[in-house]
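S.K.: sequence first, predicted model second:
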Amino acid sequence: MSKPNDLYTYPLYVNMQFFFCGVPFRLDTYSGCQHGCRYCFARASENFNYERRDSEKGLIRKTDPHLVNHMLVKSVDSSKTYNDINVEFLRRRVPIHWGGMSDPFQPCEKKWRVSKQVLGHLNWYQYPVVISTKGALAGDDEYVAMLKDGNNAMQVSLISDDDKIISGIEPGAPNATERLKIMEKLAHAGLWVACRIQPVIPASPVEEGLERLITKLAGAGVKHIVVEGLKIPMQLDKDWRACLNEVCGGKVEQEYKACEAALDGQEIILPAWRKWQYLEVCLETAHKYGITVGAADNNMRDFGDVKACCGIDNLPGFENYWQLQSARVSEIARQKGICMASDLDNEWSGTCEFKFQSSTISPKVDGVAVSYPMRYYWDQVWALNDDGRSPSHLVNLDQKIVDGKVGYVFNDKREMLKRSHVKQHTMF
């Protein structure tokens, strides 16, 4: 067991993706993950070593389930005033995304049962939760019964139906055949099931097999897919990058160079025209089976069928998902012809202060960042041009000045992206 000081003490918080994410309220019951996925951004950012995953060395830490229960009790069962954004979100019943940084049903859960206890607490309040997992325990009878007992939307990650590919780049996770069975079992139990095809790996059997995979997902009862291309973390260990490239056919990194992928922060990102290639395949295939698609690449989010790429827009109990985000701007622009900042004044944004770690939009007093409500940060990025947090980052949105104020108009760029592809040479 972990030592007391090895506990993960911040399991629940609002993350910094609220500019473009419909569910920026994150829960992780573990820090670190045993699945060892070769592409994992969380593993890269934490410098997590899959070969040394012994929790006693501090590489996998569990949270105390009572921390989550205590937060639920003081938020839902009490009317006491707290200047705490987590309390504010819980009272609003903003859906939680559980499993953004580590898998709640990874192998160590079999020993510690932390996620099981937290699931029991969340079920008690029928709290809306989006659960992301590829863990085998998601298909265990005991866990399926508990998942069914709450207000839970399931997202099972699977990028390929090829067991060999999956075992090569996700060595600690169940293979593709097992995960398809898990999704089928969850769907048969009456749960809403989505599949996260994240990441799509270009110029590889992963991309080549998208149609086949989606067909199998339809057969398993999947209602929604979430699609996002591989972002190569600069911190990713060279041996892991080499393994990822080799398992996927040896052309992945060459493809990024061929299509002039760009460095964005600490990640190498595909250009929009290249993202459209796999997204178009997913949209056309999924729609044949009545499956909706969420486009999770940050600048492509309004190419999908939903405002929240996880697909929970219309699920009962999930109505209070976060709407002060770029996909909502795109929706308003399509409806009205233009979206101004004032068009979002009625969107709930809370009043509690939030410390956003950014040197560009966070004011400082004596060198220390000052906390402000979330709407403040949204207003700071509204007029920025081609900033990853601004609506201008969406491919389909163009800025327009009206009476000296910045607004956004919607221009469908699909044909432009197709023409851009014709002009470019790629290996796929």
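M.R.: Everything's here; your move. Note that the structure is predicted; figures quoted are calculated from it, not measured. Numbering: from 1, shown residues only.

S.K.: three-state assignment of the residue nearest the centre of the chain?
M.R.: Centroid check for the chain by C-alpha atoms, centre = their mean gives G100 as the closest residue, at 6.4 Å. Assigned with DSSP: H, G, I helix; E, B strand; the rest coil, G100 falls in the coil class.

S.K.: isn't it right up against Y30?
M.R.: No. Counting by C-beta atoms under 8 Å, Y30 is not a contact partner of G100; they are 11.6 Å apart. For the C-beta atoms, the positions are set from N, CA and C on the backbone; glycine is no exception.

S.K.: domain parsing for this protein?
M.R.: Following the assignment in automatic domain parsing, the chain carries domains at 4-303, 326-420.

S.K.: please enumerate the helices of the stretch 151-300 of the chain.
M.R.: With DSSP state H, counting those that start in this stretch as the definition, the stretch 151-300 of the chain shows helices at residue ranges 163-169, 176-188, 205-208, 210-219, 238-247, 252-258, 272-288.

S.K.: of these, which is nearest T9?
M.R.: T9 lies closest to helix 238-247 among the helices of the stretch 151-300 of the chain, at 28.5 Å (C-beta to C-beta).

S.K.: for G294, which non-adjacent residue is spatially closest?
M.R.: In this structure, G294 finds its nearest non-sequential neighbour in C309, 3.4 Å apart by C-beta to C-beta, 6 or more residues apart in numbering.

S.K.: need the contact list for the spatially closest residue to L283 that is not a sequence neighbour.
M.R.: Counting by C-beta to C-beta, 6+ apart, V293 is the residue found nearest to L283 once chain neighbours are left out, at 5.2 Å. Taking C-beta atoms under 8 Å, 6 or more residues apart in numbering as the definition of contact, the neighbours of V293 are H224, I225, V226, V227, L279, C282, L283, A286, H287, G304, D305, V306.

S.K.: now the phi/psi pair for the residue nearest to R212 when sequence neighbours are not counted, please.
M.R.: In space, not counting the residues next to it along the chain, R212 is nearest to D161; the distance is 6.0 Å by C-beta to C-beta, 6+ apart. Its backbone dihedrals place D161 at phi -90, psi 10, with angles given as degrees, to the nearest 10.

S.K.: hang on, D161 packs against L213?
M.R.: Yes. Applying C-beta under 8 Å, one finds D161 in contact with L213, separated by 4.7 Å.

S.K.: residue contacts, the residue lying closest to Q266 once chain neighbours are set aside?
M.R.: Nearest residue to Q266, sequence neighbours excluded (C-beta to C-beta, 6+ apart): M234, at 4.7 Å. Contact criterion C-beta under 8 Å, 6+ apart gives L263, Q266, E267, I268 as the residues in contact with M234.

S.K.: got it, and D161?
M.R.: With contact taken as C-beta under 8 Å, 6+ apart, D161 is in contact with A176, L180, G209, R212, L213, K216.

S.K.: can you list the residues you listed in TSV and add neighbour count?
M.R.: What follows is the contacts of D161, written out as TSV (neighbours: other C-beta atoms under 10 Å):
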residue	neighbour count
A176	22
L180	21
G209	17
R212	13
L213	22
K216	19
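
S.K.: weakest of the helices of the stretch 151-300 of the chain by average pLDDT?
M.R.: Looking at the helices of the stretch 151-300 of the chain, the lowest mean pLDDT belongs to helix 238-247 (a mean of 86).

S.K.: helices or strands next to that helix in the packing?
M.R.: For helix 238-247, the elements it packs on are helix 163-169, helix 252-258, judged by 3 or more C-beta pairs under 8 Å, 6 or more residues apart in numbering; DSSP states H and E.

S.K.: need the CA coordinates for the first one. CSV is fine.
M.R.: Read it as helix 163-169. Taking C-alpha atoms only, helix 163-169 is exported to CSV below (Å, rounded to 0.1, in the frame of the first residue of the first chain):
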residue,chain,number,x,y,z
ASP,A,163,-4.8,-6.8,-31.4
LYS,A,164,-1.2,-6.8,-32.5
ILE,A,165,-1.1,-3.0,-33.0
ILE,A,166,-2.9,-2.4,-29.6
SER,A,167,-0.6,-4.8,-27.7
GLY,A,168,2.4,-3.1,-29.3
ILE,A,169,1.6,0.5,-28.3
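
S.K.: flag every buried residue along it.
M.R.: Of the residues in helix 163-169, I165, I166, I169 count as buried by neighbour count, 16 or more other C-beta atoms under 10 Å.

S.K.: thinking again about what came up before, how close does the residue nearest to the centre of the chain sit to Q399?
M.R.: To Q399, G100 is 30 Å away according to C-beta to C-beta, to the nearest Å.

S.K.: what's near enough to touch the spatially closest residue to T351 that is not a sequence neighbour?
M.R.: Closest residue in space to T351, ignoring its immediate chain neighbours: P373 at 5.6 Å, by C-beta to C-beta, 6+ apart. By C-beta under 8 Å, 6+ apart, the contact set of P373 is S349, G350, T351, C352, E353, F354.

S.K.: now which of the residues you listed would you call buried?
M.R.: Neighbour-count burial (16+ other C-beta under 10 Å) applied to the contacts of P373 gives S349, G350, C352, F354.

S.K.: avg pLDDT for the strand ranked longest in the chain?
M.R.: Residue-count comparison of every strand in the chain, with assignments taken from DSSP state E, identifies strand 192-200 as the longest. Throughout strand 192-200, pLDDT has a mean value of 98.

S.K.: ok, stretch 29-48 next?
M.R.: Summarised as a single mean, pLDDT over stretch 29-48 is 78.

S.K.: what about the stretch 1-150 of the chain, any weak spots by pLDDT?
M.R.: Screening the stretch 1-150 of the chain residue by residue with the criterion pLDDT under 70, one finds the ranges 1-5, 43-58.

S.K.: can you pull out the strands in it?
M.R.: All strands of the stretch 1-150 of the chain, identified by DSSP state E, counting those that start in this stretch, fall at 12-14, 25-27, 30-31, 61-62, 96-98, 129-133.

S.K.: with just CA atoms, put the last one into PDB.
M.R.: As requested, C-alpha coordinates have been extracted for strand 129-133 and formatted as PDB (Å, rounded to 0.1, in the frame of the first residue of the first chain):
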ATOM      1  CA  VAL A 129     -20.100  11.600 -14.800                       C
ATOM      2  CA  VAL A 130     -18.300  11.000 -18.100                       C
ATOM      3  CA  ILE A 131     -15.900   8.100 -17.500                       C
ATOM      4  CA  SER A 132     -12.900   7.500 -19.800                       C
ATOM      5  CA  THR A 133     -11.300   4.100 -19.500                       C
END
